[in-house]
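Novice: give me coordinates for this.
(2 chains)
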Amino acid sequence: MTRTRFCATAIALAFSAVATAQDAPSDGYDVIYAAAMPAPEATRAVLTEIDKTADRVIAVGDYGVIVTRERGADEWQQADVPSSVFLTSIDFADDTNGWAVGHHGVILHTTDGGHTWHRQLDGFQYIELQISYFESLVADIEESLADDELDDDLRSELEFQLDDALFRLDNATFAKEEGPTKPFLDVHVATNGTIWVTGAYGALLQSSDAGKTWQVRDAAVENPDGYHLNAIVSDNDTLFMVGEAGLLFRSSDNGVNWDTLESPYYGSLFGAHVDQQQRLWVFGLRGNIFVSEDKGDNFTQLSLSDAVNINAAIDAPNDGLYFAGNAGVVAYLNAAGELIEQTHASGAVLTDLIVDEDGSLTLVGQRGVLTMPSSVLSEKE
Amino acid sequence: MSDVKTTTTDKSVFLERLIFNTRPVWLVIFALLTVFLAWHASQVRPEASLAKMIPTNHPFIQNYFEYQDDLASLGNVVRIAVETTDETIFTADFQEQLQKITDEVFFIPGVDRSGLKSLWTPNVRWSEVTEEGFVGGPVIPDNWDASQEALDKLRENVLRSGEVGNLVANNFKSALIYVPLNEINPDTGEPLDYQAFSEQLEERIRDKYQSENVKIHITGFAKIIGDLIEGAIQVGMFFLIAIVITLVMLFAYSRCWRSSFAVLACSIIAVVWQLGIIKLIGSGINPYSMLVPFLVFAIGVSHGVQIINAMVHNRVDGHDKLMSSRLAFRSLYIAGLTALISDAIGFTTLMVIDIAVIQELAIAASIGVAVVVLTNLGLLPIVMSYIGVSERGRKYTAKIQNERHPILTFFERFSEPKWAYSALIVGVIGLSWGLVQGQQMKIGDLDAGAPELRPDSRYNLDNQFIVDNYSSSTDIFVVMAATEPSQCIAYDNLEIMDRFSWHMENTPGVQDVKSVVYVAKMGGFGLNEGNLKWFSLNRNQYVLNANTGRTPPGLINPDCSMAPIIVYLNDHKAETLKTVVAAVEEFNREYQQEGLDLLMASGNSGIEAATNSVIESAQYKMLMWVYGVVIVLVFITFRSLRTVACIVLPLMLTTIMSQGLMAMLGIGVKVATLPVIALGVGIGVDYGIYIYAKMKEGLERGMHLNECYKYALDNTGKAVGFTGLTLAIGVATWIFSPIKFQADMGILLTFMFIWNMLGALILIPALARLFARFGKRIH
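Specialist: Okay, the predicted model is just below:
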């Protein structure tokens, strides 16, 4: 069963603000504005996500590290990044335009396929966006409440929303003092070119103009407890979002309206993936993997014998899938639905992976860039 | 040694009358003093105090001292690896042994019981994230019954505990017991007795539990100190060997047991006095200053030989025992005093090095030389005036007086032009070799593990085992992040410390960096359900406080004003340390933050970096001092620059060649080897002085150069040769010391003593020949 959230006002509220990149404040070191240090050991930093374009592979992680490896090459190069925050996610719209997001409200953009990056948003600007957003939200709800002819149910619902919005406005105002504390956790470029960013404590942003302006969309989903929104993915026409405590949302209208789906799991979901057959995979804590063949209405469960966090899933050759998780777990699911599990020798937390041209895996995580020959899994097959 | 002025005065001098007119009184005084000082000497114990081996005034060390108490828990740890010869540690037998050993360690005095960690201590836990939060427990299953089921459960818990590489070897064939020590006994307030602790480890752990199936490996600072002291005690044995060899040589030289024993006894008395005085002035004996008794003994013997030599000649000439002794004293006291004073001055130049063990060595050596003046110039003639020289000795001397020794004949040739110039060419070749090879000479210690001990010592093998099987480096450089009280985990400070950590991780030679920042980031990761995307610092101080809640003791100090940043290095080579120090300085220049200072340095490598920098600058300072003093001394004695050149150039050749030797043998310039050059030059100059003095005497008598040298050789050649050999033997036994740096000292000193002797015998006449010709051309 699904339920469309009451969000008539939210559309109107899709608040826009032009975020201009500004230079570092003069008082002391701030990780947001300090350019990433050129690091010979960049590939040994904690890395979180890895993505592929036609020309190269790009990975992001700690200390503002973005590393690239040209197609067919072995060497990694460090990209020019104007921030040193912990980057959590990367996604490309095409072979040249990509976005990376991270802690302290930082959003980075590249127009040259990942070699050089610039800041499109930082946490201080993000706080301003949030304040304006919640102020407008409060004003709007108050205006609706001023209507004397509201029925009681709707009134109490609006009153609840008002409390929530006021609470969030307070938080955002307080954050002005403290600085940005909410990390962004995922970035996704949808098929229509909209860029979506999810984050901690229910943060949701979108941009329809390649990141020139960002709209806060926190209230677009039903998330009264402010749970983390861990990941967002899409197939041809549908957006899916997963989060803490089994949160699962779906939008069929490019993110204007979001439905809350009944979750197959009450624990945290860390990621989602739509495979070649348009099946939706969601996964999270303790080896829990779920698959839906009907866009998230119904799920079947798959469990890994290693009860560790599953962090990533990607398409594998022969209609299979690869999963990667904590404690070095890498699993291969073949087309027949059989799971083959392996542990990377490092035992490190693995957060993302890609399949290279020769079929071997490049993995990222706690120990930076790692590799695994394809034979390790295919021989078992 | 022979004398500067040989013209024996016929009248007795004041000192002679003072000594010989009241001989019994002096004997009683010497006897009483010897008993008194022997009693004190018997209480001297070898000690190895870290504080004395480091340059205490260096800013790094000052910083370290400021936070020494806070850092104590960090470094003072012993690791005991229990290895099985079976396939894996997950067997009932092995676990039983491990449990027993853990219990045994728990009860060894000095162990910080609350910090003790092993698979069998309850503080080692596994944990995992579930939908409800963390779950976990001790890695040893609650209902342990040593069954296969329990062992499987244990293996699973170990894998989930994150202890692989820490408490369990990467290959699962050994397990580690992590033993933090209390520097101060909390019950008695007494400082930890490292030697006693080390012995307990040997007796109660290694001896008791090592078997065919179980191997024990122990590392840690306490163990190094224990092994050092143990090794130092073994060196005491070498002293006995040196005594025996010297006795044989003395007899071969004099063919008279009586006088041989007299010389030996007086030299041993000198050592006893020296040790007793050291104890009285509150100084101790450390593995470095242990060299001093050997030197004092050798110097004592070499001067004693001169007395015996003169005495026996006098006897042969027909004087009675007392008169022979008086004449020997009369002819030698000025020479002896001059030589000893030059030795002492050579030693005191070591005081310019700001490292306590070297200064202690300098003081001990100076005291020793002063004592030799009393025992071998004072006591020995008195004793000899009673016992005399045996008939056999007299006959032997009388016989060889008229023979020319083939070796002396060989050396004589070096005043002839052909031989002289050949020798000089060889000298120049040696010099070039030394200069080229010396370029490779390195500062600091070059070997892995504990550089104090030999690379194949048990300690270093144990250390290698732990380095190979566990994810830990033993070369640790600690930077202290100092803040205002309670600000050590403030966001702004942690953020700079984080960038600093990354800066250091990208410095060549650095393996890993750990600090409270890492704990905070791991906390973010752990408290967010093990989601790595939270592995970062947060601006919210409450979040940071929560994330650092599990900070192990030692990573922040009690009032949160200092957090050590531990930099693990590949090795402790001087270049690595220099790179690391430069990287820290570079960071400090670039990132200045109010209220946060990144201070160097602690950890074994931090201290070594400080020591290296002091040694590097002291190296040249000391050479300048020692050569300055020697040049002035020689100039005062001979009033001729040409003579200075003749005497000092061979010394310089030896110095440069010994630097080449150090490079070749992989011996670095370090606390142990730095004093060697000063000792070598200080003692080595004597040979030159004696030989040149005789040659000058010959020149004054109008002899040709060849004749002069022949004259010099006849009078002092044998003595110089004997002295060189005695000194060399005294220190050569050290080559076999279990302590690496003592062996290094032994090799270098032996080389310098022998080479300086050869340099004096060969190059002085050769140089004199060269200058003589050069001089003629000018006139």
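
Novice: in chain A, what helix or strand scores lowest on average pLDDT?
Specialist: helix A:8-13 (a mean of 36; mean pLDDT, DSSP states H and E).

Novice: strands paired with the very next helix or strand once past that one, and their directions?
Specialist: Counting by DSSP states H and E, the next helix or strand C-terminal to helix A:8-13 is strand A:47-52. Applying DSSP bridges, strand A:47-52 is found paired with strand A:56-61 (antiparallel).

Novice: tabulate the CA atom coordinates of the strand it pairs with in PDB.
Specialist: Taking Å, rounded to 0.1, in the frame of the first residue of the first chain, the C-alpha atoms of strand A:56-61 are listed here in PDB:
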ATOM      1  CA  ARG A  56      37.800   7.400 -16.900                       C
ATOM      2  CA  VAL A  57      37.000   6.200 -13.500                       C
ATOM      3  CA  ILE A  58      36.500   8.700 -10.700                       C
ATOM      4  CA  ALA A  59      36.500   8.000  -6.900                       C
ATOM      5  CA  VAL A  60      35.800  10.400  -4.100                       C
ATOM      6  CA  GLY A  61      36.500  10.400  -0.400                       C
END
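
Novice: check the offset of it from the chain's centre.
Specialist: Chain-centre distance of strand A:56-61: 15 Å, with C-alpha atoms, centre = their mean, to the nearest Å.

Novice: can you list contacts of the next helix or strand after that strand?
Specialist: Using DSSP H and E, the helix or strand that follows strand A:56-61 in sequence is strand A:66-70. Applying C-beta atoms under 8 Å, 6 or more residues apart in numbering or on different chains, the set of residues contacting strand A:66-70 from outside is A:36, A:42-43, A:47, A:55-60, A:75-79, A:81, A:87, A:90, A:100, A:108, A:114-115, A:117, A:362, A:369. Backbone N, C-alpha and C define where each C-beta goes, glycine included.

Novice: and what of stretch B:509-521?
Specialist: With contact meaning C-beta under 8 Å, 6+ apart, stretch B:509-521 is reached by B:473, B:481, B:488-489, B:494, B:497-498, B:501-502, B:504-505, B:535-537, B:544, B:547-548, B:550-552, B:555-556, B:563-571, B:575-576, B:579-580, B:583.

Novice: can you do 6 Å?
Specialist: B:473, B:494, B:497-498, B:501, B:504-505, B:535, B:537, B:544, B:547-548, B:551, B:555-556, B:563, B:565-570, B:576, B:579 (C-beta atoms under 6 Å, 6 or more residues apart in numbering or on different chains).

Novice: just the buried ones from these?
Specialist: By neighbour count, with 16 or more other C-beta atoms under 10 Å in any protein chain shown, those hold B:473, B:494, B:497-498, B:501, B:504-505, B:535, B:537, B:544, B:547-548, B:551, B:555-556, B:563, B:565-569, B:576, B:579 as buried.

Novice: mind checking the SS state of the residue most central in space within chain B?
Specialist: Nearest to the geometric centre of chain B sits B:Ala672, at 3.4 Å (C-alpha atoms, centre = their mean). B:Ala672 carries the three-state label coil when classified by DSSP: H, G, I helix; E, B strand; the rest coil.

Novice: isn't it right up against B:Gly746?
Specialist: No: using C-beta atoms under 6 Å, B:Ala672 is not in contact with B:Gly746; the gap is 10.1 Å.

Novice: my read: A:Lys207 touches A:Val216, true?
Specialist: For the record, residue A:207 is Ser, not Lys. No: applying C-beta under 6 Å as the test, A:Ser207 and A:Val216 come out as separate, 10.8 Å apart.

Novice: more crowded one of the two?
Specialist: A:Val216 (26 against 23; other C-beta atoms under 10 Å in any protein chain shown).

Novice: and for the residue nearest to that one when sequence neighbours are not counted, the neighbour number?
Specialist: Computed as C-beta to C-beta, 6 or more residues apart in numbering or on different chains, the closest residue to A:Val216 that is not its neighbour in sequence is A:Tyr133, at 3.9 Å. As a burial measure, A:Tyr133 scores 25 neighbours (other C-beta under 10 Å).

Novice: just A:Gly28 next, same as before
Specialist: 13.

Novice: report the beta-bridge partners for the nearest residue in space to it that is not next to it in sequence.
Specialist: Spatial nearest neighbour of A:Gly28, chain neighbours left out: B:Gln593 (6.3 Å); criterion: C-beta to C-beta, 6+ apart. Beta-bridge partners of B:Gln593, counted by DSSP bridges, are B:Leu596.

Novice: wait, B:Gln593 sits on B:Ile496?
Specialist: Yes: here B:Gln593 reaches B:Ile496: they are 5.2 Å apart, a contact under C-beta under 6 Å.

Novice: ok, the closest residue to chain B within the stretch 251-381 of chain A to A:Leu339 distance?
Specialist: Nearest to chain B, among the residues of the stretch 251-381 of chain A, is A:Gly267, at 3.7 Å (C-beta to the nearest C-beta). Taking C-beta to C-beta, to the nearest Å as the measure, A:Gly267 falls 19 Å from A:Leu339.

Novice: neighbour count: these two, which is higher?
Specialist: Using other C-beta under 10 Å as the criterion, A:Gly267 and A:Leu339 rank with A:Gly267 on top: 19 against 15.

Novice: I'd assumed the more buried one was in a helix, is it?
Specialist: No: under three-state DSSP, A:Gly267 sits outside any helix and is assigned coil.

Novice: thought it was touching A:Phe283?
Specialist: No: counting by C-beta under 6 Å, A:Gly267 does not reach A:Phe283; the two are 10.5 Å apart.

Novice: quick one: the helices in the stretch 151-300 of chain B?
Specialist: Secondary structure of the stretch 151-300 of chain B by DSSP state H, counting those that start in this stretch: the helices cover B:194-200, B:207-209, B:221-254, B:257-280, B:291-316.

Novice: hang on, I meant chain A
Specialist: A:8-13, A:123-145, A:152-178, A:374-378 (DSSP state H).

Novice: for the stretch 501-650 of chain B, same thing?
Specialist: Under DSSP H, counting those that start in this stretch, the stretch 501-650 of chain B gives helices at B:516-527, B:541-547, B:574-590, B:603-638, B:641-665.

Novice: helices or strands next to the longest one in the packing?
Specialist: Secondary-structure packing of helix B:603-638 (3 or more C-beta pairs under 6 Å, 6 or more residues apart in numbering or on different chains; DSSP states H and E): helix B:321-348, strand B:475-483, helix B:574-590, helix B:641-665, helix B:674-700.

Novice: cool, and the second one?
Specialist: Applying 3+ C-beta pairs under 6 Å, 6+ apart, one finds that helix B:541-547 contacts helix B:516-527.

Novice: and with 7 Å instead?
Specialist: For helix B:541-547, the elements it packs on are helix B:491-505, helix B:516-527, judged by 3 or more C-beta pairs under 7 Å, 6 or more residues apart in numbering or on different chains; DSSP states H and E.

Novice: got the ones you listed as TSV, with mean pLDDT columns?
Specialist: Output for these, formatted as TSV (pLDDT from 0 to 100):
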stretch	mean pLDDT
helix B:491-505	93
helix B:516-527	88
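
Novice: ok, which of the ones you listed comes nearest A:Leu229?
Specialist: helix B:516-527 (17.6 Å; C-beta to C-beta).

Novice: buried residues of the closest one, list them for me.
Specialist: Buried residues in helix B:516-527 (16+ other C-beta under 10 Å): B:516-527.

Novice: list just the nearest of those to B:Ile429.
Specialist: Using C-beta to C-beta, these come closest to B:Ile429 at B:Tyr518, 56.0 Å.

Novice: gap between that closest one and B:Pro508?
Specialist: From B:Tyr518 to B:Pro508 the distance is 21 Å (C-beta to C-beta).

Novice: which bits of chain B sit near chain A?
Specialist: B:129-131, B:164, B:495-496, B:499, B:502-503, B:505-506, B:529-536, B:538-540, B:591, B:593 (C-beta under 7 Å from any C-beta of the partner chain).
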